[in-house]
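1. Sharing a sequence plus its predicted fold:
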Amino acid sequence: MAEASNARHFRNLIHWQKGQSLASEVFAFVRRLPRERAYDVLGTQILRSVGSVPANIAEGYGRFSPAAYRNHLSIASGSLFETQSWLDLLLRENAIGVDLVRRLDGECEALARILTARMRSLDGQNQRAIHEEGHEYEA
């Protein structure tokens, strides 16, 4: 992993770190699924949703306004709930054990609380876009 060159970097965010950790755990589980078409499809879907969580946190952090950051945190939260739905389906299909689902579901719930708190903290901030000062150009 590349080191962040400055202290204000998305890799320093606890919610990004927890999202990456969750994604890594799900990736490890998916590698152990049976090689059948149905499991391949379910595996692909859960990998997309869980991978979207830290990716949207990082993308939103790189945006130029609190509103855009909040929007990406909301997308990450939606992807987190989608991940939980895929876990439920995998459990119904006996592709994952109840203990693992409970643990992963608990991690999803903890991360959801962090994302919600962060979104609420952004609600009161100035919602204008941040940009450089404009300059007059001579024609």
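-> That came in fine, so what should we check first?

2. where along the chain do the strands fall?
-> Per DSSP state E, the chain carries no strands over any range.

3. Can you pull the poorly scored residue ranges out of it?
-> Scanning the chain for pLDDT under 70 picks out 1-7, 125-139.

4. any idea how far residue 29 is from residue 79?
-> With distances taken as Cβ to Cβ, to the nearest Å, residue 29 is found 17 Å from residue 79. Any C-beta I mention is one placed from the backbone N, CA and C, and that applies to glycine too.

5. show me the contacts for residue 122.
-> By Cβ atoms under 8 Å, 6 or more residues apart in numbering, the contact set of residue 122 is 66, 67, 69, 70, 73.

6. Which residue lies closest in space to residue 59, excluding its sequence neighbours?
-> The shortest distance from residue 59 to any non-neighbouring residue, by Cβ to Cβ, 6 or more residues apart in numbering, is to residue 72 (5.4 Å).

7. Would you mind confirming that the one you found makes contact with residue 54?
-> No: applying Cβ atoms under 8 Å as the test, residue 72 and residue 54 come out as separate, 10.9 Å apart.

8. More neighbours: these two, which one.
-> residue 54 (25 against 20; other Cβ atoms under 10 Å).

9. what's the closest non-adjacent residue to the more buried one?
-> Using Cβ to Cβ, 6+ apart, the nearest residue to residue 54 is residue 19, at 3.4 Å.

10. What distance do you get for residue 10 to residue 19?
-> Note on residue 10: its distance to residue 19, by Cβ to Cβ, is 10 Å.

11. These two: which is more packed in?
-> residue 19 (28 against 16).

12. Spatially central, which residue of the protein would that be?
-> For the chain, the residue nearest the mean C-alpha position is residue 53 (1.2 Å; Cα atoms, centre = their mean).
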